[in-house]
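Colleague: Build me a model:
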Amino acid sequence: MAKESFDKEIQFLRMLVLTSGAYTRQQFAERLGISVHTYDKTVRKLKDIVTTTHHHMPQKQGQEFADTLRFNYYDSTGPMLLFLFRAKSMKESESYRLSLLLEALNESALTTKELLDLCCTKFPSDLPQPDEKTIRSDLKYLEEVGVIARTVGVRPYRYRIRNELVQELTSEELYDLYAFIDVMANTQVPSVQGFLLRDGLHKHLLHKHPAPGLDVLPFLYKYHYYSRILDEAHLYTLLGAIRTHHKIQFLYFSPKSDKSYASQNTNPNFERETTGTLQKILPLKIVYDHQYGRWYLLANAREGIRKFRVEGMTQIEEHVQVHADYFESKRKELEAKIQFSWLIDTGKPVEVVVRFFSPGKHEPNFVKQRVLLQGQWGQIVEEDEAGFLYKITVNGTTEIKPWLRSFGSSCEIIEPRHLRQEMIAEWKEIATYYESI
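Modeller: Numbers count the residues shown, from 1 in each chain. I've put the predicted structure just below:
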């Protein structure tokens, strides 16, 4: 896949899951900002990917892709939408060339010239032949991501596969490592790289160290946050820009936008006006919202500090690099503004006072345990048998309100008064839903 189509398929899959296939082809195409023809091409491509990566799925003639997606989601404990990351996110020639290089390096350490000769010999006639610059670029990429390493010695340098992890560990150690990676990938963020590492290790174990029961996973998880997995496609690009102090440019679609994607206007005869907004910013920090499974980018723009939902970012490109001192000054400015943010709110600080009620004398105080675990920098200032008083200073009350609401009758808001009145109004509204029963 080309880079642009990867953006399109991320938005396509997100909408498909959220609407459960309720949209017609025309509605889907309009929401994405693409033609019906492009919609059909995307569906065919995704069907091919699913067929390749999920061999156990039924292949019924004319089966809708939405039905296929739903079937696999309920049938599998793995994160369904991860299959997009397992698919080729590069051109066919790049995919073939990298596979050929890795296959050759797996047998022995080779120089750039030797690898170039190998590619020229084995490359299919229908694909463009690579040159030395292309091979060097591929080797640099594989070295950066840790797949290969340069051997110690004089020029010309030789490259080898970095497979010490699986070669130097015993079978028992590999099984323990596999179980650890499985737990961490399903419970920590980001997780896509962990899933790919787990799958690679699983294949190695089946091939080199087969054992009964390997296909029976020791832990089972059920995934619910689709956006979290999909948004990780952009995560490492953004983290790289933050690490190297680069500005970025992207086309942004806010959550309230009528569309979530726009194709690139590469053909001047078919240019169309996009509904997204072109943003040029300096990325400073990435924040993950555990409650809703969302990624946020905090950045410096011409207007000051800006916040973006990663799910609305498409066509991300790196631009100029800023000086380290300038980046650090903007980062400190951001940290000062979010010092009291429950998540990313940069509003005016306000003190929230809450009375929590204990469940009972002879019952475990799960309310207090949860407040101590999730209450961030808030403090318990008073405590008795009935409950305890909790205080915290936060930027605004919008982000902390859902957390307080989740305690139900075990929580009473004392201050600020406007938040107390908002909660009273919400609970009265909820009570009216049950009046007729």
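Colleague: Under the pLDDT cut-off, which ranges of this structure? List them.
Modeller: Applying pLDDT under 70 to the chain picks out residues 1-5, 20-21, 49-78, 80, 86-92, 211-217, 223-224, 258, 262-275, 437.
Colleague: Got the domain ranges for it?
Modeller: Using automatic domain parsing, the domain ranges for the chain come out as 3-77, 92-162, 166-208, 227-263+274-337, 349-432.
Colleague: what's the span of the shortest one from first residue to last?
Modeller: Domain 166-208 has an end-to-end distance of 10 Å (criterion: CA to CA, to the nearest Å).
Colleague: what distance separates that domain from the middle of the whole chain?
Modeller: Here the centre of domain 166-208 is set off from its chain's centre by 19 Å, with CA atoms, centre = their mean, to the nearest Å.
Colleague: Repeat that for the second one.
Modeller: The chain centroid and the centroid of domain 92-162 are separated by 29 Å, computed with CA atoms, centre = their mean.
Colleague: if you go through the chain in chain order, where are the strands?
Modeller: Applying DSSP state E to the chain gives strands spanning 110-111, 148-150, 158-161, 246-252, 277-289, 294-301, 304-309, 313-321, 349-357, 379-383, 387-395, 411-415.
Colleague: quick one: which of the domains of the chain is nearest residue 218?
Modeller: Nearest of the domains of the chain to residue 218, taken as CB to CB: domain 166-208 at 5.6 Å. (Glycine included, C-beta is placed from N, CA and C.)
Colleague: thinking again about what came up before, out of the strands of the chain, deepest packed?
Modeller: strand 294-301 (a mean of 21; mean count of other CB atoms under 10 Å).
Colleague: Now do that strand against strand 304-309, angle only.
Modeller: Interaxial angle of strand 294-301 relative to strand 304-309 (axes from the mean of the first three to the mean of the last three CA atoms, to 10 degrees): 160 degrees.
Colleague: May I have the strands that pair with strand 294-301, each with its orientation?
Modeller: Strand 294-301 sits in its sheet next to strand 277-289 (antiparallel), strand 304-309 (antiparallel), going by DSSP bridges.
Colleague: Distance to residue 186 added to the strands of the chain, as TSV?
Modeller: TSV is the format used below for these (distance: least, CB to CB, whole Å):
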stretch	distance to residue 186
strand 110-111	38
strand 148-150	29
strand 158-161	28
strand 246-252	30
strand 277-289	15
strand 294-301	18
strand 304-309	24
strand 313-321	25
strand 349-357	31
strand 379-383	32
strand 387-395	30
strand 411-415	30
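Colleague: who wins for proximity to residue 432 among those?
Modeller: strand 411-415 (20.5 Å).
Colleague: Show residues contacting that closest one.
Modeller: By CB atoms under 8 Å, 6 or more residues apart in numbering, the residues outside strand 411-415 that reach it are 351-357, 389, 404, 419-420, 423.
Colleague: Over to stretch 183-191?
Modeller: With CB under 8 Å, 6+ apart as the contact definition, stretch 183-191 has outside contacts at 79, 194-195, 197-198, 219, 221, 223, 228-229, 232, 235, 288.
Colleague: Of those, which is the nearest to residue 436?
Modeller: With CB to CB as the yardstick, the closest approach to residue 436 among those comes from residue 223, at 36.6 Å.
Colleague: quick one: which of the strands paired with strand 294-301 is nearest residue 363?
Modeller: Residue 363 sits nearest to strand 277-289 of all the strands paired with strand 294-301, at 31.0 Å, using CB to CB.
Colleague: could you give the angle of that closest one to strand 313-321?
Modeller: Strand 277-289 and strand 313-321 meet at an angle of 100 degrees, taking the same axes, to 10 degrees as the criterion.
Colleague: Compute the distance from the centre of strand 277-289 to the centre of its chain.
Modeller: The answer for strand 277-289 is 14 Å, by CA atoms, centre = their mean.
Colleague: leaving aside the residues next to it on the chain, what's closest to residue 128?
Modeller: residue 93 (5.9 Å; CB to CB, 6 or more residues apart in numbering).
Colleague: meant to ask about residue 365, not that
Modeller: residue 358 (5.3 Å).
Colleague: My understanding was that residue 311 contacts residue 230; is that so?
Modeller: Yes - here residue 311 reaches residue 230: they are 7.1 Å apart, a contact under CB atoms under 8 Å.
Colleague: More neighbours: which of those two?
Modeller: The neighbour comparison of residue 311 against residue 230 (other CB atoms under 10 Å) goes to residue 230, with 24 against 21.
Colleague: Would you agree that one is in contact with residue 81?
Modeller: Yes - between residue 230 and residue 81 there is a contact under CB under 8 Å: 5.9 Å.
Colleague: anything in contact with each of those two?
Modeller: Counting by CB under 8 Å, 6+ apart, the residues touching both residue 230 and residue 81 are residue 13.
Colleague: Could you give the bridge partners of the closest residue to residue 416 other than its chain neighbours?
Modeller: Among residues not flanking residue 416 along the chain, residue 350 sits closest, at 5.7 Å (CB to CB, 6+ apart). Beta-bridge partners for residue 350, by DSSP bridges, are residue 394.
Colleague: and residue 350, how far is that from residue 104?
Modeller: The spacing between residue 350 and residue 104, counted by CB to CB, to the nearest Å, is 63 Å.
Colleague: Which of the contacts of stretch 183-191 are buried? Put it as a PyMOL command.
Modeller: The following PyMOL line selects those of the contacts of stretch 183-191 that are buried, judged by 16 or more other CB atoms under 10 Å:
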select buried, resi 79+194+195+197+198+223+228+229+232+235+288
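Colleague: Which ones among the contacts of stretch 183-191 lie within helices?
Modeller: In helices, judged by DSSP state H, the following of the contacts of stretch 183-191 are found: 194-195, 197-198, 228-229, 232, 235.
Colleague: Export the residues you listed as a markdown table, with columns for distance to residue 248.
Modeller: Converted to a markdown table, these look like this (distance: CB to CB, whole Å):
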| residue | distance to residue 248 |
| --- | --- |
| 194 | 25 |
| 195 | 26 |
| 197 | 27 |
| 198 | 30 |
| 228 | 21 |
| 229 | 22 |
| 232 | 17 |
| 235 | 13 |
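Colleague: How about residue 160: what's its closest non-neighbour residue?
Modeller: Per CB to CB, 6+ apart, closest to residue 160 is residue 109, 4.1 Å.
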